[in-house]
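Colleague: could you work out the structure for the sequence below:
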Amino acid sequence: MFSDDYKPVYLTTSPLEAESIRILLESFGIKAELSQESAGAAIGLTVGPLGETLVLVKDTDEEAAKEILKSMDDGMLEAKDPKSPEGRD
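Modeller: Now for the predicted structure:
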């Protein structure tokens, strides 16, 4: 499926979300690859195992990638609105 020196760090059924995660990680200097079952991609499946897309990073970047993704999940990467009283939304 993928090289032993690459590890999965994110799983989604949305190709757009997978691409966004890849771009996010690469903005932090972490090279990321996407892996999707070719049959699922060919017929446009977005459910079940054939519709899943994995985001992969080199094993040496795995921990850093997971920290970035945790920060994203915790809302720490959201842009602040400078016009709002609290600098939010």
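Colleague: what's around Lys7, how many residues?
Modeller: Neighbour count for Lys7, taken as other CB atoms under 10 Å: 18. In this view, the C-beta of every residue, glycine as well, is placed from N, C-alpha and C.
Colleague: same deal with Leu54?
Modeller: 19.
Colleague: quick one: the residue most central in space within the chain from Asp81, how far?
Modeller: Nearest to the mean C-alpha position of the chain, by CA atoms, centre = their mean, lies Ile21 at 2.8 Å. Distance of Ile21 to Asp81, given as CB to CB, to the nearest Å: 24 Å.
Colleague: likewise Arg22?
Modeller: Relative to Asp81, and taking CB to CB, Arg22 is found at 26 Å.
Colleague: same deal with Val57?
Modeller: The value you get for Val57 to Asp81, if CB to CB is used, is 31 Å.
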